[in-house]
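Got a predicted structure plus its sequence, pasted below:
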Amino acid sequence: MQTNILSRTFIMSLAIATFSALYFGLATPAEAKTVRQSSLTSSTTVSCVSEAIIARESAIMTAWTNFSEDINLALIARQGALVEAWNMESPKELSAAVKDAWKNWKASSKTAHSELKSERKTAWNAFKETVRTECKVRIPKEEALEKAKSDTLSL
């Protein structure tokens with residue numbers, strides 16, 4: 001709470017100083033912009049955003065590891081089911097077993113992708129909320145969640 005009050009006080013002081021400098025002709029608009037931008041690179045702001053980035057990227061790495069493990073397990077299960085299916089003597093049993101193997105693979109793969117997408121979105125939302133509420137910084141448009149295409153995985 002104390003930090004929020006100090007941050008608000010600092011921001012208000014910065015705004016008043018910028019307005020005063022412009023109003024009384026002590027600074028040009030370009031100089032005033034420099035004053036505003038220098039507050040974005042303060043050590044407190046940089047530290048806060050850095051911690052938020054580390055948390056976001058760590059969560060994404062964990063999500064990717066979980067996704068990779070889930071896909072590997074699904075591939076192992078598919079391999080075993082297909083090998084077992086091809087050991088069947090009846091063409092009907094073979095066809096049903098192969099169909100089940102692929103159906104189970106697709107379901108497992110879809111679940112893994114959904115979980116990855118959800119975990120990625122959660123990590124990005126937490127990052128945006130932390131930067132906005134705790135760091136009091138506006139995120140540049142370049143630092144945004146990329147839209148995933150149908151044939152890609154965006155992290």
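Sure, I can see it.

So for stretch 63-77, what gets flagged as buried?
Buried positions in stretch 63-77, judged by neighbour count with 16 or more other C-beta atoms under 10 Å: 63, 67, 70-71, 74. Using the backbone N, CA and C atoms, a C-beta is placed for each residue, glycine as well.

between those residues, which is nearest residue 124?
Nearest to residue 124, judged by C-beta to C-beta, of the buried residues of stretch 63-77 is residue 63 at 10.7 Å.

Now do the contacts for that closest one.
115-116, 119-120, 123, 155 (C-beta atoms under 8 Å, 6 or more residues apart in numbering).

Can you give me the end-to-end span of stretch 130-146?
19 Å (C-alpha to C-alpha, to the nearest Å).

returning to what we had before: determine which two of the buried residues of stretch 63-77 are furthest apart.
Longest span within the buried residues of stretch 63-77, C-beta to C-beta: 63 and 74, 16.3 Å.

re the thing from before, please list the members of the buried residues of stretch 63-77 that lie in helices.
If you go by DSSP state H, the buried residues of stretch 63-77 have 63, 67, 70-71, 74 in helices.

Including distance to residue 49 and pLDDT, could these go into CSV?
Below are those laid out as CSV (distance: C-beta to C-beta, whole Å; pLDDT from 0 to 100):
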residue, distance to residue 49, pLDDT
63, 21, 97
67, 26, 97
70, 31, 97
71, 32, 97
74, 37, 97
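
Just say helix, strand or coil for residue 142.
Going by DSSP: H, G, I helix; E, B strand; the rest coil, the secondary structure assigned to residue 142 is coil.

Burial check on it, number of neighbours?
Residue 142: 5 surrounding residues under other C-beta atoms under 10 Å.
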